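Asks: no sequence for this one, just the structure:
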């Protein structure tokens, strides 16, 4: 299976999680944690006050110096009342584009970040600092997950 097919398969799987802003994202977070663990990347969860949503944070590289955060959100806008001609939680290709809820905003961005880091790892590149991968909740609800992530990073 080519890298292109792997990224599409992962995007297809992420889109299948109905993570509209009113729903939990924990099943997606669990899936991503297992995916990253398969590449030797450990992670931890930062739960919201309800316990129904979480951010996932994974760090690779030397943690003793500054680095970069690659972050994206896991929640999507609700599909209620929208004129979808197919199931919004099943990807399909039309006109050389992948369609499905979250493909452009933001699940494909998460996939791109994860595969970029995976490429760095497989190339055995010496990172000048750490790379933090973050999958946050609550972007559609005022950025709540991002604020929680920033508070945690300050600790």
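Replies: Everything's here; your move. On a predicted model such as this, the values are computed, not experimentally measured, just so you know.
Asks: C-alpha only now, for contacts and for neighbours.
Replies: Fine.
Asks: Name the residues that touch stretch 34-48?
Replies: 33, 53-60, 118, 145, 148-149 (C-alpha atoms under 8 Å, 6 or more residues apart in numbering).
Asks: Helices - which of the residues you listed land there?
Replies: 33, 118, 145, 148, 149 (DSSP state H).
Asks: For the third one, give me its contacts.
Replies: When the contact criterion is C-alpha under 8 Å, 6+ apart, the partners of residue 145 are 48, 54, 55, 136, 137, 138, 139.
Asks: change it to 10 Å
Replies: 46-48, 53-56, 73-75, 134-139, 151 (C-alpha atoms under 10 Å, 6 or more residues apart in numbering).
Asks: For residue 137, which non-adjacent residue is spatially closest?
Replies: Computed as C-alpha to C-alpha, 6 or more residues apart in numbering, the closest residue to residue 137 that is not its neighbour in sequence is residue 145, at 4.6 Å.
Asks: are any of the contacts of residue 145 buried, and which?
Replies: 46-47, 53-56, 73-75, 134-139 (16 or more other C-alpha atoms under 10 Å).
Asks: could you pull out the strands for the chain?
Replies: Ranges of strands in the chain, per DSSP state E, are 43-47, 54-60, 68-73, 92-94, 97-99, 131-136.
Asks: what's the closest of these to residue 110?
Replies: strand 68-73 (5.7 Å; C-alpha to C-alpha).
Asks: Quick check: phi and psi at residue 78.
Replies: Note on residue 78: backbone dihedrals following degrees, to the nearest 10 are phi -60, psi 150.
Asks: Could you pull up the residues touching the nearest residue to it once chain neighbours are set aside?
Replies: Nearest non-adjacent residue to residue 78, counting by C-alpha to C-alpha, 6+ apart: residue 20, 5.1 Å away. Residue 20 is in contact with 74, 75, 76, 77, 78, 79, 80, 101, 102, 138, 140, counting by C-alpha under 10 Å, 6+ apart.
Asks: Highest neighbour count among these?
Replies: Counting neighbours by other C-alpha atoms under 10 Å, residue 74 leads these with 34 neighbours.
Asks: ok, it to residue 18 distance?
Replies: In this view, residue 74 and residue 18 are 10 Å apart by C-alpha to C-alpha, to the nearest Å.
Asks: how deep is residue 120 tucked in, by neighbour count?
Replies: Residues within reach of residue 120, counting by other C-alpha under 10 Å, total 13.
Asks: Okay then, goodbye and thanks.
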